[in-house]
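[1] sequence first, predicted model second:
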2 protein chains.
Amino acid sequence: MRPSHALLLSSLLFSAAAHADELRERANAVFKPIPAKVTEVRGKTVSENQALLGHKLWFDPRLSSSHIISCNSCHNLSIGGSDNVPTSIGHGWQKGPRNSPTVLNAVFNAAQFWDGRAKDLQEQAKGPVQASVEMNSTPERVVATLKSIPEYVAEFSKAFPNDEDPVSFDNMAYALEAFEVSLTTPNSPFDRFLKGEDKALDDQQKKGLALFMDVGCSACHSGVNLGGQSYFPFGVIKKPGAEILPTGDKGRFAVTNTANDEYVFRAAPLRNIALTPPYFHSGEVWELEQAVAIMGDSQLGRQLSEDEVGAITAFLHSLTGEQPQVAYPLLPASTASTPKPE
Amino acid sequence: MRPSHALLLSSLLFSAAAHADELRERANAVFKPIPAKVTEVRGKTVSENQALLGHKLWFDPRLSSSHIISCNSCHNLSIGGSDNVPTSIGHGWQKGPRNSPTVLNAVFNAAQFWDGRAKDLQEQAKGPVQASVEMNSTPERVVATLKSIPEYVAEFSKAFPNDEDPVSFDNMAYALEAFEVSLTTPNSPFDRFLKGEDKALDDQQKKGLALFMDVGCSACHSGVNLGGQSYFPFGVIKKPGAEILPTGDKGRFAVTNTANDEYVFRAAPLRNIALTPPYFHSGEVWELEQAVAIMGDSQLGRQLSEDEVGAITAFLHSLTGEQPQVAYPLLPASTASTPKPE
């Protein structure tokens, strides 16, 4: 290599590194990497027995009245913690009202559900079990089911050793939460970039990250989950069409009954977003590129160019982290007194 | 211990051991233990790539048109390889016509389905994927789905390196079979008894085993799977009621169109039977004791006493073996060209 070329190359490399450092500094002010492991439920260390019990409950279809729907049916850990259909199919093949959010990294959300109506994962877990369009069970039925299975009774006692009546609906939900906190996806290319690995993102992704901050996406999609922290109207600038924002679903309004909260939703967390189409609470958009363009238009009043959409989408692909590897558990057998499927 | 007592005890022990040896000899002439591991598909060694691919396909809900039903939905490996409901619930919440048989040890059956209409597990696997009341897909749709996912294309190439067009419906079914042959449950108490471990069965179970052979159950329920080998009319001696033997389902008659085959079914394999209620092709009997009593009555013309039913049931519980432990696989992501759920 001629000296002038070497000089040019080293100066380019230096400039690229400096540019990456600057980008990383800006990004670290807005986002946070996913920690290597979460072992606490709201400040309290999860016991191994609680997590093991939650692992079984997660996959147990007997939490539904039909005995064929488990938590994992709609939050499928083999495909990104969601079901990847527009809206979930539940009891009696009824379609749920909204797209199923991923359970992955849900522990980092400020509240659960698209409208934030559950303050934490324990409260969330009680919802689908009882919803008639989902698992269609009742707390009484769930407790009767669990108490009819001696192995579960023993496992609840071990998981909640200080409780007088360990087999309870509350504890079922707590055990599920204790399992769910482990469902995180660290070490995505984006996380590795945040921590100093320049080459974890390619140039297109770096450009996308810069755009994501420059055009304003990160105003709502920030923090460790790039979203999931607070509430915003869908269509701040311009309401999308009714196929994407159905008029009948007023979002957080149903929770707060406040006019300001009409068509307000929790900003979607964007971790692993490439794995969980279709998009939005209505689940009507299959292409990530289209979702990005719609967001630019409706939330930022900006017609993103094809180039910009491509770069932001490339960046969003860098949010796919290491998926949790779990065993498919062996569940304890029902007994004669276990309520029959309905 | 006084000498006379010691003598009595040793003579009792000797007699118990001699009795166990005799029982074992009789049993080994009729039944066979489950081998430690099956690594062949019909005489051909399964490759690791085939089994790994089959493991993913087994759990992949995209083999169904709705994208929410997988093989594992009705043959759930966490609860004995079946779904433990009377008849399976499939596409559109339609109920299947017969109780879902367990996949565990299915490799040892002479043919698959209650009426034996599939000669092997590869042929069987193609059925539910296409059945409109089950997964409701088509070979074309399945192949289009698999070909739209680059990771699957690569895995099929590795699993079937000599095929010109490795991603095929046939190969999907073959890979599923390659996974399913590993789903065996060796080392049940019964197997351990067959191999010489006297104490693997308690006295009640030994009495049940002797009765099982003496009253004639083992005439149909023999071999490694205690069934699954040949076909018999349900109600040889006395037809059970229509709730248990619905008149509309004539069993093997639909396969052979032979009058002799009316209400003929494959003798149910009894391995892990305690894990897979409800019983019979109609799935209308929840208690194993009741199923045993009905069999005595309808197949053998014998009113078994409560004591006899109890002993035979205790023996049947000894058929529960070590359940296969599998990982919950991570599936490759869909792409823009993957057919959408319907």
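    Nice, I can see it. Computed from a prediction, not measured in an experiment: that's the story for all the values here.

[2] from the stretch 51-200 of chain A, which residue is nearest to chain B?
    Nearest residue of the stretch 51-200 of chain A to chain B (CB to the nearest CB) works out as residue A:93 at 3.8 Å. Glycine gets a C-beta too; all of them are placed from N, C-alpha and C.

[3] show the contacting residues for that residue.
    Residues touching residue A:93, when contacts are defined by CB atoms under 8 Å, 6 or more residues apart in numbering or on different chains, comprise B:92-93.

[4] can you report phi and psi for residue A:157?
    Summarising the backbone geometry of residue A:157 under the convention degrees, to the nearest 10, its torsions are phi -60, psi -40.

[5] so for the longest helix anywhere in chain A, what gets flagged as buried?
    With secondary structure taken from DSSP state H, chain A has its longest helix at helix A:3-28. Of the residues in helix A:3-28, those buried by neighbour count under the rule 16 or more other CB atoms under 10 Å in any protein chain shown are A:20, A:23-24, A:27.

[6] in a markdown table, list these along with distance to chain B and pLDDT.
    Written out in a markdown table, the entries for the buried residues of helix A:3-28 read as follows (distance: CB to the nearest CB, whole Å; pLDDT from 0 to 100):
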| residue | distance to chain B | pLDDT |
| --- | --- | --- |
| A:20 | 28 | 89 |
| A:23 | 27 | 97 |
| A:24 | 27 | 97 |
| A:27 | 25 | 98 |
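
[7] can you pull up the most central residue in chain A?
    Taking CA atoms, centre = their mean, the centroid of chain A lies closest to residue A:102, which sits 3.6 Å from it.

[8] check which helix or strand covers it.
    Per DSSP states H and E, residue A:102 falls between elements, in no helix or strand.

[9] tell me which residues touch it, please.
    Applying CB under 8 Å, 6+ apart, one finds that residue A:102 lies in contact with A:75, A:80-82, A:269, A:271-272, A:275-276.

[10] these also near chain B: which ones?
    When the contacts of residue A:102 are filtered against chain B using CB under 8 Å from any CB of the partner chain, the residues retained are A:80, A:275.

[11] which one of the contacts of residue A:102 sits closest to residue B:262?
    The shortest separation between residue B:262 and any of the contacts of residue A:102 is 46.2 Å, and it belongs to residue A:75 (by CB to CB).

[12] ok, back up a step: now the contacts of residue A:102 in JSON lines, with neighbour count and pLDDT?
    As requested, these are exported to JSON lines (neighbours: other CB atoms under 10 Å in any protein chain shown; pLDDT from 0 to 100):
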{"residue": "A:75", "neighbour count": "23", "pLDDT": "98"}
{"residue": "A:80", "neighbour count": "25", "pLDDT": "98"}
{"residue": "A:81", "neighbour count": "27", "pLDDT": "98"}
{"residue": "A:82", "neighbour count": "23", "pLDDT": "98"}
{"residue": "A:269", "neighbour count": "24", "pLDDT": "97"}
{"residue": "A:271", "neighbour count": "30", "pLDDT": "98"}
{"residue": "A:272", "neighbour count": "23", "pLDDT": "98"}
{"residue": "A:275", "neighbour count": "23", "pLDDT": "98"}
{"residue": "A:276", "neighbour count": "25", "pLDDT": "97"}
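
[13] which residues of the stretch 151-300 of chain A lie near chain B?
    A:274-275, A:277, A:286-287.
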